[in-house]
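Participant: based on what follows, work out the 3D shape:
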Amino acid sequence: MRLTLVLPLIWLALPAAAVTCEDVSYLGKSYTACTVDPVVDDLRLFHKNGDSILGSFRAIEGLPDVTALPFAMNAGMYHADRAPVGHYVENGVEVMRVIPNAGPGNFGLLPNGVLCITDTSARVIETLRYVEDAPVCRDATQSGPMLVIDGALHPRFLPDGTSRFLRNGVGTTANGDRAVFVISNDVVSFHEFASFFRDHLQMPDALYFDGKVSRLHAPALGRSDFGAQMGPMVGVVE
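Facilitator: Numbering: from 1, shown residues only. This next block holds a predicted model:
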């Protein structure tokens, strides 16, 4: 009788969900998508440990408060010194201000956007709306361009676009209760990548992270990409 009473209590104490990563084929292209529940999963941004830039997934795993890193990827463009190009907030501390104006490269291809993370939500917000609404984000990273804005693809993306790279980014639900981080395993155009978020994942808003530095850490899939040191990263920690 005592055993019957104890077992349900143990079951109720287990997490309701956890980050899951899976390989997906869509319109002849391969992607890996990692789904995060911000209420259950401890989703954070990472850039520095003290004065030292972390730069790698292994460095995150070595932090004293991290016992496991079930998911991570690069999360926003950075300069040669690996400082964030755009707005960056980590654990409530603003490192870089918002850049609202157009500029060179993919980052400045407006509209761009911000991934805003709180203890219970993760939302991709177009930059000018972000400035106007001024949400309180525990962590935030600005990147660009936006892939999907209110259910529409970025107006500059062409179905016959010839620029093709391995690309990564994030899409979120309207209320921020689910975030899907995606990396392409094949070279794709912006149009193909954005269409995967809108048409397959049905994400109303999605943000591009990078296309020359696109890396994923997903140990459940036996994967941890390596290469040159990175700037901002995003991950789920235990």
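Participant: mean confidence (pLDDT) on stretch 129-139, please.
Facilitator: Mean per-residue pLDDT for stretch 129-139: 98.
Participant: and residue 46, how far from residue 228?
Facilitator: As defined by CB to CB, to the nearest Å, residue 46 lies at a distance of 16 Å from residue 228. C-betas here are computed from N, CA, C, even on glycine.
Participant: more neighbours: which of the two?
Facilitator: Neighbour count, other CB atoms under 10 Å: between residue 46 and residue 228, residue 46 has more, with 27 against 9.
Participant: not counting sequence-adjacent ones, nearest residue to that one?
Facilitator: Distances taken as CB to CB, 6 or more residues apart in numbering place residue 233 nearest to residue 46, at 4.7 Å, with adjacent residues excluded.
Participant: equivalent analysis for residue 105, please.
Facilitator: Nearest non-adjacent residue to residue 105 (CB to CB, 6+ apart): residue 77, at 7.8 Å.
Participant: list the contacts for that neighbour?
Facilitator: 84-86, 105-107, 143-144, 209-210, 231 (CB atoms under 8 Å, 6 or more residues apart in numbering).
Participant: how about residue 100?
Facilitator: With CB under 8 Å, 6+ apart, residue 100 has these contacts: 127-128, 131.
Participant: which of the three states applies to it?
Facilitator: coil (DSSP: H, G, I helix; E, B strand; the rest coil).
Participant: how near is it to residue 163?
Facilitator: 25 Å.
Participant: quick one: low-confidence residue ranges for the protein.
Facilitator: Applying pLDDT under 70 to the chain picks out residues 1-17.
Participant: point to the residue nearest the middle of it.
Facilitator: Residue closest to the average C-alpha location in the chain (CA atoms, centre = their mean): residue 170, at 4.5 Å.
Participant: that residue bridge partners, please.
Facilitator: Residue 170 forms beta bridges with residue 181, residue 207, as assigned by DSSP bridges.
Participant: does it touch residue 179 like I think?
Facilitator: Yes. Taking contacts as CB atoms under 8 Å, residue 170 lies within contact range of residue 179: 5.8 Å.
Participant: joint contacts of these two?
Facilitator: With CB under 8 Å, 6+ apart, residue 170 and residue 179 have common neighbours 115, 122.
Participant: residue 76 contacts residue 141, doesn't it?
Facilitator: Yes. With contact defined as CB under 8 Å, residue 76 reaches residue 141; the gap is 4.1 Å.
Participant: neighbour count: the two, which is higher?
Facilitator: When residue 76 is set against residue 141 and neighbours are counted by other CB under 10 Å, the residue ahead is residue 141, at 32 against 29.
Participant: separation between that one and residue 186?
Facilitator: Taking CB to CB, one finds residue 141 at 25 Å from residue 186.
Participant: then residue 58?
Facilitator: 26 Å.
Participant: next: residue 193.
Facilitator: 10 Å.
Participant: who has more neighbours out of the two?
Facilitator: Neighbours were counted for residue 193 and for residue 186 using other CB under 10 Å; residue 193 has more, 26 against 13.
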